[in-house]
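Colleague: Give me a model of this one.
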Amino acid sequence: MLTIRRTCWSFAAICIFAGCATTQTPNNPALRASTQLDPKAAASTQLDPEAAASTQLDPEAAAHALGERLFIALQKRRFGDAEETFDDRMRTLLPTEKLAAVWNQVTGSQGELVAWKPLPSTQIPSGLVVPYDLTFQRGKLIGQVAVSSSTSPPAVSGLHFLPPR
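Modeller: Predicted coordinates:
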């Protein structure tokens, strides 16, 4: 189910999740470092489709790698690359054009995305939910990325933007 709603922050919230959060999982401290790209670094960053798909990564590391790919692509407005991280259901519910429209609405009110940092993930029946502390030019949001463990390779099965806690 795709839900787009407005909040007092005047940004669109997208919620496409396969399950509900049940158990807290340990966070990988090595992955908690803030990710911040200056424009030159962002322009030179290559999106490696195989990076997040590596079966050698544990599920949490794979989820973090997918989140990184997703936010790099969104920051660079490469919506097709962002969509490549999605599972089939997400591609159907949130095609490139809709993703671009939602992202343009978010950045229209918050400014460009300048940094993101993963927060402790939560186990759900279908995989993991990794919240990210998103820093924009004019504000902060939480971006929740659900990653399905039932697909091979793992894929983004949900995306939700909400006000900071």
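Colleague: hey, what's Leu128 bridged with?
Modeller: Beta-bridge partners recorded for Leu128 (DSSP bridges): Gln123, Val147.
Colleague: my guess is it contacts Ser149, does it?
Modeller: Yes. Counting by Cβ atoms under 8 Å, Ser149 is a contact partner of Leu128 at 7.1 Å. Where C-beta positions appear, they are placed from N, C-alpha and C, glycine not excepted.
Colleague: Have a look at those two and say which one is more surrounded.
Modeller: Per other Cβ atoms under 10 Å, whichever of Leu128 and Ser149 has more neighbours is Leu128, with 24 against 17.
Colleague: show me the contacts for the more buried one.
Modeller: When contacts are counted by Cβ atoms under 8 Å, 6 or more residues apart in numbering, Leu128 touches 25, 59-60, 63, 121-122, 146-147, 149.
Colleague: if we can go back for a sec, now do the shared contacts for Leu128 and Ser149.
Modeller: Between them, Leu128 and Ser149 share the contacting residues Pro59, judged by Cβ under 8 Å, 6+ apart.
Colleague: same for the host helix or strand of His160, what does it pack against?
Modeller: Assigned by DSSP states H and E, His160 belongs to strand 155-162. Counting contacts by 3 or more Cβ pairs under 8 Å, 6 or more residues apart in numbering; DSSP states H and E, strand 155-162 packs against strand 12-15, helix 59-75, helix 88-93, strand 127-136, strand 139-148.
Colleague: between these, which gets nearest to Asp81?
Modeller: Closest to Asp81 of those is helix 59-75 (Cβ to Cβ; 3.9 Å).
Colleague: as a whole number, average confidence for that closest one?
Modeller: Averaging pLDDT along helix 59-75 gives 95.
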